[in-house]
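>>> Need a 3D model of the following:
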Amino acid sequence: MKTKILHIVTLSEIGGAQKVVYHLAAESDRNIFDIAVACAPGGELVGWLSKIDVRVIKIPGLKRNISLFHDLFAFWQLYLLLRKGSYDIVHCHSSKAGILGRLAARLAKVPKIYFTVHGWSINEYQSLPVRYFYTLIEKMAGAISTKIICVSQDCLSNGLKLKIASQKKFVLIYNGLPEPEKRNNLIRKELNIGKEDLVFGMVARLAPPKDTMLFLKLAERMINNRGSFAGKTRDITRGMGKIYFVLIGEGPLRAACQAFIKDKGLAGHVFLLGTRENAAELVHDFDVFTLFSRWEGLPLTIIEAMLAGRPVVASAVGGVGELVAHGETGYLIEQGNLAEAVEALGKLAENKELRLSMGEAGRRRALECFSLETMAGKYRELYLS
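Predicted coordinates:
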């Protein structure tokens, strides 16, 4: 008898949680596990799963934002699905699905209820009443969870600090990814960027949590040669080729990003490429990968950049410090600190050997610590325990 597992994730658009769901489904042994995925319709995840013959159950009520009507509708749909499906395990991903899915699974009397925390819904940017409310909801869901899987030690520590559940319920499993296909010069050909020119890139949703505006401010500072580097104001790109900044992703801040590029005269040097399903391949065209998030779990985009052999400059938030070894595979900066970002990128811009050595060190680290095989193996052990 196969073990029936239902993964539940809120949205089906490209994102870290969706990639993890896809890889867990793709790597699962079909002789042992019967896998299905429930999610909102219309996104890339649905197409990915159809290509590997994984059944997808579309839940129209699942939405990103809180809505009493849609949330109750989604909860009822999930409950009916779970009651009829006779699943052995329900594995929830993302905050909304994590709450609704676990409650529905408990009501439907599913034997094992797992939740992977890709990043807590609670953060310091929220008001105290909102933080208290979200903490209370997470505690309620934590009480009915069989196990809570954290993707970083930072995530696990915060869960314990918030007293979401008892320590014995928490499990640490780092995210892992396969090596991306290496196809250089895709971006450079598309944008007519020379081989000797420098490309600083970022892959992120254009939304406040990713602080995409800091990336654009960094671009403006460096392109106009007004950066403070090594304690002095100087031309940090003198003697090099041209520099370009490429942002891959889509989101509500796109109009604001476009306005900034236009107002600062950055057109032709800063590019918004929108969502790209092959973003992991495109990262090979970056000389340096950046991510300036305000908060994080364990971002897959950084793992993709490390596997591509690219040095990383990122905010020291969440589990990022567990990925990037400061001074060895890249640089960690204080979140929101533009001067530190300019300093770090300036060092890498001036020194090609440093870029290559840090990139190779990051690749070795990713293969050793954040491989798909390791992640899938640990989840398999959890499912069979």
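>>> where exactly do the strands run in the stretch 51-200 of the chain?
Per DSSP state E, counting those that start in this stretch, the stretch 51-200 of the chain has strands spanning 55-58, 89-93, 112-117, 147-150, 170-172, 198-203. These are given in chain order.
>>> go on, the stretch 251-385 of the chain?
For the stretch 251-385 of the chain, the strands defined by DSSP E, counting those that start in this stretch cover 270-274, 288-291, 312-315, 330-333.
>>> W295: which of the strands of the stretch 51-200 of the chain is closest?
With C-beta to C-beta as the criterion, W295 lies closest to strand 112-117 of the strands of the stretch 51-200 of the chain, at 12.4 Å. No exception for glycine: its C-beta is placed from N, CA and C like everyone else's.
>>> Output the contacting helices and strands for that closest one.
Other elements packing on strand 112-117 under the criterion 3 or more C-beta pairs under 8 Å, 6 or more residues apart in numbering; DSSP states H and E are strand 89-93, helix 95-107, strand 147-150.
>>> deepest of those, which one?
strand 89-93 (a mean of 27; mean count of other C-beta atoms under 10 Å).
>>> what's that strand packed up against?
Using 3+ C-beta pairs under 8 Å, 6+ apart: strand 89-93 touches strand 3-9, helix 16-27, helix 95-107, strand 112-117.
>>> So in that sheet, which strands flank it, and in what orientation?
Within its sheet, strand 89-93 is paired with strand 3-9 (parallel), strand 112-117 (parallel), according to DSSP bridges.
>>> who's in contact with E220?
260, 264, 266 (C-beta atoms under 8 Å, 6 or more residues apart in numbering).
>>> Now the helix or strand containing it: buried residues?
Per DSSP states H and E, E220 falls inside helix 212-223. Buried positions in helix 212-223, judged by neighbour count with 16 or more other C-beta atoms under 10 Å: 212, 214-223.
>>> so where's this protein uncertain?
226-240 (pLDDT under 70).
>>> mind giving me the domain ranges of it?
3-176+371-384, 186-369 (automatic domain parsing).
>>> neighbours of G194, just the number please.
Residues lying near G194 (other C-beta atoms under 10 Å) number 10.
>>> which non-adjacent residue is nearest it?
Closest residue to G194 apart from its sequence neighbours, by C-beta to C-beta, 6 or more residues apart in numbering: G241 at 5.9 Å.
>>> Now stretch 313-326: buried residues?
Under the neighbour-count criterion of 16+ other C-beta under 10 Å, stretch 313-326 has 313-325 buried.
>>> picking up where we left off before, to D71, which of the strands of the stretch 51-200 of the chain lies closest?
strand 89-93 (14.3 Å).
>>> quick one: contacts for H284?
180, 182-184, 186, 308-310.
>>> ok, now with 10 Å
H284 makes contacts with 180-187, 304-305, 307-310, as judged by C-beta atoms under 10 Å, 6 or more residues apart in numbering.
>>> from these, which would you call buried?
Using 16+ other C-beta under 10 Å, the buried ones in these are 180, 187, 304-305, 307-310.
>>> can you list the residues you listed in CSV and add distance to S127?
Converted to CSV, these look like this (distance: C-beta to C-beta, whole Å):
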residue, distance to S127
P180, 40
I187, 40
E304, 34
A305, 34
L307, 38
A308, 39
G309, 42
R310, 38
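>>> where does V151 fall, phi/psi-wise?
phi -90, psi 0 (degrees, to the nearest 10).
>>> same deal with V246?
phi -120, psi 130.
>>> ok, what's across the strand from it?
G201, F271.
>>> correct me, but it touches F286?
Yes - counting by C-beta atoms under 10 Å, V246 touches F286, with 7.1 Å between them.
>>> list residues touching both of those two?
Residues touching both V246 and F286 by C-beta under 10 Å, 6+ apart: 187, 199-203.
>>> I'd like to know which of the strands paired with strand 89-93 is closest to F73.
strand 3-9 (14.8 Å).
>>> Pull the contacting residues for I187.
Taking C-beta under 10 Å, 6+ apart as the criterion, I187 is in contact with 193, 199, 201, 244, 246, 248, 271, 273, 276, 281-286.
>>> what does L198 give?
Counting by C-beta under 10 Å, 6+ apart, L198 has contacts 222, 237, 240-245, 286-288, 345, 348-349, 352, 355.
>>> Show only the entries of those residues found in helices.
Using DSSP state H, 222, 345, 348-349, 352, 355 are the members of the contacts of L198 that sit in helices.
>>> What's the ChimeraX syntax to select whichever of these are buried?
For the buried members of those, the matching ChimeraX selection, counting by 16+ other C-beta under 10 Å, is:
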select :222,345,348,349,355
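>>> Pull the most distant pair out of the ones in helices among the contacts of L198.
M222 and K352 (16.6 Å).
>>> Can you give me the distance of R294 to L338?
14 Å (C-beta to C-beta, to the nearest Å).
>>> R64 too?
29 Å.
>>> Who has more neighbours out of these two?
Taking other C-beta under 10 Å, R64 and L338 do not tie; L338 has more neighbours (16 against 12).
>>> so that one touches F292, yeah?
Yes - using C-beta under 10 Å, L338 is in contact with F292, at 9.3 Å.
>>> L272 contacts I248, correct?
Yes - judged on C-beta under 10 Å, L272 makes contact with I248 at a distance of 8.4 Å.
>>> Common neighbours of those two, please.
Contacts common to L272 and I248, judged by C-beta under 10 Å, 6+ apart, are L206.
>>> Same drill for those two, tell me which one is more crowded.
For L272 versus I248, the count of surrounding residues by other C-beta under 10 Å is larger for I248: 22 against 17.
>>> before we move on, back to that, which residues are in contact with each of L338 and F292?
214, 217-218.
>>> out of those, who's nearest L172?
L214 (29.5 Å).
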